[in-house]
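[1] With the input below, show me the fold.
(one chain, ligands or ions: 2)
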Amino acid sequence: MEKKNIDWGNIGFGYMPTDYRYVSMYRNGAWDEGVLTSDPNITLNECACVLQYAQTCFEGLKAYTTEDGHIVTFRPDLNGERMENSAKGLEMPPFPKERFVEAVAKVVEANAAYVPPYGSGASLYIRPYMFGFDSVIGVKPAKEYQFRIFTTPVGPYFKGGAKPITIRVSDFDRAAPHGTGHIKAGLNYAMSLHAIVDAHEKGFDENIYLDPKTRTKIEETGGANVIFITRDGKLITPKSPSILPSITRRSILQVARDYLGMETEEREILLDEVKDFAECGLCGTAAVISPVGKIVDHGKEICFPSGMEKMGPVIQKLYDTLTGIQMGHIKAPEGWIKVIK
Ligand code: PLP
Ligand code: COI
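    Ligands and ions are numbered 1, 2, ... in the order given. Predicted coordinates for the structure are as follows:
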């Protein structure tokens, strides 16, 4: 199979349509068998539930080319499981996680020519999503749903790749206690659009959100969880019921313990303690592990000793081990890598 003629080393995180996408419809109480289609467009009624009441959730995962030339995905079963939970939280019929994994494999295989080559630094981003399809005007869930998966080749999420970024403590809230922060609902991201535009206008790369109730604890950023390294080399990460349970973060915790022999801790983290940490990073499918050099809290700068030039040494080791597992040159824990072809 010949790869597409794309300048793999210089793509950013954007949408580039590929040849095929997967579509399945839910009607009369059941999902149909699903098909691959080349049509990237969707025709919707003006009153579709997704357009009126934002009844939609999504996932994000990646396909990689390994050193020995296989195409693989990383823990797609966990994305399928999380999407089932997101659907339940929005009163949508879950797309079964086993079918989710099969559909991911199908759409990646159909777009194999777009999976960036090993060593290019790029990957194929996979975006499963579903939405309330039929028309609804009283506030209630739809009866019909569409589940889709498209793919797009991507490079680094933050401009500059592995260069440390600057994030600011947001005055806006991302997710309320007892709200939808723990599921991947589109509405969480709608909430963050004004905050991210405002952050970019003011020269920051991302927002870090605090818990809305006390505004004293670190939650996460708009598109990634947060990890910190303490001065004595421990990995700590916020524990909160209103953050997204990041698959990358859960994997990093295991990698830190089992591959690097580090101590790890998930606990509430106060904004006030952050100044004492040695390193900080954002973790997620898109972010991978993006180092944070500086957090700005209303003019007060918290500068990590790792600086603004390169990743700190511990985050670098975590990054190398995690990406080594994903790219196939470090042996993965059982069940983490799904070989597509
Ligand atoms: N937090 C938010 C708000 C996200 O959008 C994402 C991206 O999926 C993550 C965390 C990271 O999750 P994962 O590692 O499963 O991609
Ligand atoms: C991801 O990492 O997959 C995300 O969903 C983050 C962002 C692109 C929304």
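[2] list the contacts for whichever residue of the stretch 51-200 of the chain sits closest to ligand 1?
    The stretch 51-200 of the chain approaches ligand 1 most closely through residue 60 (4.6 Å), counting by Cβ to the nearest ligand atom. All C-beta spots, glycine's among them, are computed from the backbone N, C-alpha and C. Contact analysis of residue 60 by Cβ atoms under 8 Å, 6 or more residues apart in numbering lists 79, 125, 126, 127, 184, 284, 285, 286.
[3] And residue 82, by the same measure?
    Residue 82 sits next to 59, 183, 184, 245, 247 when contact means Cβ under 8 Å, 6+ apart.
[4] Quick check: phi and psi at it.
    Backbone geometry at residue 82, expressed as degrees, to the nearest 10, gives phi -70, psi -40.
[5] same thing with residue 29?
    Taking degrees, to the nearest 10 as the convention, residue 29 sits at phi 80, psi 10.
[6] Also residue 80?
    phi -60, psi -40.
[7] Quick check: next helix or strand after the helix or strand hosting residue 280?
    Under the criterion of DSSP states H and E, residue 280 resides in strand 279-284. Next in sequence after strand 279-284, counting helices and strands by DSSP H and E, comes strand 288-297.
[8] Point out the residues in the stretch 101-250 of the chain that sit beside ligand 1.
    Contact residues, the stretch 101-250 of the chain versus ligand 1 (Cβ under 6 Å from any ligand atom): 220, 223, 224, 225, 244, 246, 247, 248, 249.
[9] at 8 Å what do you get?
    174, 184, 188-189, 220-225, 243-250 (Cβ under 8 Å from any ligand atom).
[10] when you scan the lengthiest helix in the chain, is anything in it near ligand 2?
    Longest helix of the chain, by residue count under DSSP state H: helix 186-201. Yes - on the criterion Cβ under 8 Å from any ligand atom, helix 186-201 is in touch with ligand 2 at residue 189.
[11] I'd like the next helix or strand past that helix.
    As assigned by DSSP H and E, the chain's next helix or strand after helix 186-201 is strand 206-210.
[12] Does anything pack onto that next one? Which helices or strands?
    Counting contacts by 3 or more Cβ pairs under 8 Å, 6 or more residues apart in numbering; DSSP states H and E, strand 206-210 is packed against strand 165-169, helix 186-201, strand 218-221.
[13] can you list contacts of that strand?
    Outside strand 206-210, the residues touching it (Cβ under 8 Å, 6+ apart) are 158, 165, 167-170, 172-175, 192, 195-196, 199, 216-224, 226, 271, 282, 295.
[14] so what strands line up beside that strand?
    strand 165-169 (parallel), strand 218-221 (antiparallel) (DSSP bridges).
[15] buried sites along the last one?
    Residues of strand 218-221 classed as buried: 218, 219, 220, 221 (neighbour count, 16 or more other Cβ atoms under 10 Å).
[16] With respect to ligand 2, which of the residues you listed is nearest?
    residue 221 (9.4 Å).
[17] which residues does the closest one bridge with?
    residue 208.
[18] Would you quantify the distance from the closest residue to residue 195 other than its chain neighbours to residue 192?
    Spatial nearest neighbour of residue 195, excluding adjacent residues (Cβ to Cβ, 6 or more residues apart in numbering): residue 172 at 4.2 Å. Counting by Cβ to Cβ, to the nearest Å, the gap from residue 172 to residue 192 is 8 Å.
[19] Show me which of those two is the more surrounded one.
    Between residue 172 and residue 192, counting by other Cβ atoms under 10 Å, residue 192 is the more crowded of the two (22 against 16).
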